[in-house]
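**Student:** mind looking at a prediction? Sequence and model below.
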Amino acid sequence: MSVPAKETQRHPARPEPRPGVMAISAYVPGKSHAPGVEKVFKLSSNETPLGPSPAAIAAYQAAGANLQDYPDGSASVLREAIGKAMGIDPERIICGAGSDELLGLIAHTYIGPGDEAVFSTHGFLVYKIATLASGGTPVAVPDTDDLVADVDALIAAVTPRTRVLFLANPNNPTGTYLPFDEVRRLHAALPPHVLLVLDAAYSEYVRRNDYETGLELALSAENVIMCRTFSKIHGLAALRIGWAVSSAAVIDALNRVRGPFNMNAPAIAAGAAAIADAGHVDQAVAHNDRWLPWLAGELTALGLKVTPSVGNFVLIHFPTSPGRTAAEADAFLTRRGIILRQVRAYGLPNSLRMTIGTEEANRLVVAALSDFLAGAER
């Protein structure tokens with residue numbers, strides 16, 4: 001008995017990612033090495049110069065005695081600690097491996113092929129990456145001339161295909177922010193099916209009377225989620241801890257997509273200890289309050305333009321004339337062991353972002369840039 005020949009199909013010679021994946025430009029972190037330099041000052045990743053709370057370190061070390069056990073899949077200890085510190089029902093909180101994971105979960109949960117996500121042109125690179133990874137279409141909206149998110153332009157970019165609008169407030173890498181009445185105006189203009197994502201990673205540093213994190217809006221609206229991180233002011237970047245608060249429906253949906261053990265036990269313990277140590281946060285804020293304006297003033301006095309920042313970093317703009325460009329300044333600083341962040345990928349090729357560092361690091365940067373602009377070592 002003859003067997004009918006199977007219909008032949010043409011397949012690629014190797015596994016191929018689905019459409020859109022190869023359009024993603026992989027995220028490149030700030031560099032951390034300066035070849036041939038004995039002492040390096042890393043000011044490229046907005047890490048706190050104060051390090052983590054001693055209580056967080058102790059909790060992390062204690063958790064190391066039980067590495068054979070799976071972590072609590074719901075991170076209940078951490079959620080309860082956050083809830084106590086912030087006055088939030090822990091059931092309205094979700095935790096993840098950094099806010100990066102949470103942004104990815106949001107995209108995978110609410111964005112699919114044919115859907116759009118809106119964000120500012122100079123917004124955090126992960127917004128575009130997460131959107132493309134979910135099969136969606138990223139829609140980048142130009143900022144104002146002052147590098148502030150343009151609320152009217154964001155509203156105008158919303159279409160029937162829009163599912164998510166990402167807003168970093170304060171924004172990275174510009175350091176600018178939106179007053180909260182503008183955030184509320186933006187939210188009021190969104191259709192109820194569009195999720196407003198308020199990324200408040202740097203919120204603890206802000207000292208402006210017209211700023212709010214978005215916590216109350218996230219608790220009161222059905223289509224708002226506020227994301228936070230332990231990587232910045234809490235000094236726990238190595239442990240990857242993030243959290244978010246939203247409506248019960250949004251949190252339920254994200255938990256269905258979230259991996260069952262997406263956080264490790266030492267991170268859960270350290271995060272719970274860190275958020276309870278308000279004194280350590282106050283010290284970090286005081287350090288930033290001292291050195292942020294000092295740096296902005298000193299760099300401006302050198303003739304460089306500095307975008308007004310409310311975060312723990314400054315965006316420094318360089319001339320385009322040969323010998324004075326951002327790329328040349330970056331190379332000059334690297335030779336001296338000072339590492340800043342190139343932001344070409346953010347559409348800012350003539351700028352460098354600098355983390356507020358220790359007193360020693362801050363003064364070294366100003367001195368080095370003074371030499372650079374004066375023509376030394378060229």
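**Tutor:** Thanks, I have the structure now. Numbers count the residues shown, from 1 in each chain.
**Student:** any stretches of the chain with poor pLDDT?
**Tutor:** Where the chain drops to pLDDT under 70, the residues are 1-9, 30-33, 36, 376-378.
**Student:** pop the domain breakdown of it in here.
**Tutor:** Segmentation of the chain into domains, based on automatic domain parsing, reads 22-50+279-374, 54-276.
**Student:** right, so those domains: which one is the most enclosed?
**Tutor:** Each of the domains of the chain was scored by mean neighbour count; the highest is domain 54-276, a mean of 19, by mean count of other Cβ atoms under 10 Å. Any C-beta I mention is one placed from the backbone N, CA and C, and that applies to glycine too.
**Student:** can you list contacts of the helix or strand containing Leu333?
**Tutor:** Per DSSP states H and E: Leu333 is located in helix 326-335. Residues from elsewhere that reach helix 326-335 (Cβ atoms under 8 Å, 6 or more residues apart in numbering): 34, 37, 316-318, 322, 339-340, 342, 349-352, 365, 368-369, 371-372, 377-378.
**Student:** change it to 7 Å
**Tutor:** For helix 326-335, the external contacting residues (Cβ atoms under 7 Å, 6 or more residues apart in numbering) are 34, 318, 340, 342, 349-352, 368-369, 372, 377.
**Student:** which one among these gets closest to Val281?
**Tutor:** Leu340 (25.2 Å; Cβ to Cβ).
**Student:** who's in contact with the closest one?
**Tutor:** When contacts are counted by Cβ under 7 Å, 6+ apart, Leu340 touches 43-44, 330, 333, 352-354.
**Student:** what does Val285 give?
**Tutor:** 204-205.
**Student:** how near is it to Ala329?
**Tutor:** The gap separating Val285 from Ala329 is 29 Å, by Cβ to Cβ, to the nearest Å.
**Student:** just Ala278 next, same as before
**Tutor:** Using Cβ to Cβ, Ala278 is found at 38 Å from Ala329.
**Student:** for Glu204, same thing?
**Tutor:** 29 Å.
**Student:** cool, and Pro35?
**Tutor:** Taking Cβ to Cβ, one finds Pro35 at 18 Å from Ala329.
**Student:** got JSON lines for the contacts of helix 326-335, with distance to Ala267 too?
**Tutor:** Output for those, formatted as JSON lines (distance: Cβ to Cβ, whole Å):
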{"residue": "Ala34", "distance to Ala267": "29"}
{"residue": "Phe318", "distance to Ala267": "38"}
{"residue": "Leu340", "distance to Ala267": "28"}
{"residue": "Gln342", "distance to Ala267": "29"}
{"residue": "Pro349", "distance to Ala267": "36"}
{"residue": "Asn350", "distance to Ala267": "38"}
{"residue": "Ser351", "distance to Ala267": "33"}
{"residue": "Leu352", "distance to Ala267": "31"}
{"residue": "Ala368", "distance to Ala267": "36"}
{"residue": "Leu369", "distance to Ala267": "37"}
{"residue": "Phe372", "distance to Ala267": "40"}
{"residue": "Glu377", "distance to Ala267": "43"}
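**Student:** now render the domains of the chain as JSON lines, adding distance to Arg10.
**Tutor:** Formatted as JSON lines, the domains of the chain follow (distance: least, Cβ to Cβ, whole Å):
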{"stretch": "domain 22-50+279-374", "distance to Arg10": "20"}
{"stretch": "domain 54-276", "distance to Arg10": "23"}
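**Student:** His11: which of those is closest?
**Tutor:** Comparing the domains of the chain under Cβ to Cβ, the one sitting nearest is domain 22-50+279-374, at 17.6 Å.
**Student:** and the strands in the stretch 201-350 of the chain?
**Tutor:** 224-229, 242-246, 305-307, 313-317, 338-339, 341-342 (DSSP state E, counting those that start in this stretch).
**Student:** ah, wrong one, I meant the stretch 1-150 of the chain
**Tutor:** 41-42, 93-96, 116-120, 137-141.
**Student:** to Phe230, which of these lies closest?
**Tutor:** Proximity to Phe230 (Cβ to Cβ) singles out strand 93-96 among the strands of the stretch 1-150 of the chain, at 9.6 Å.
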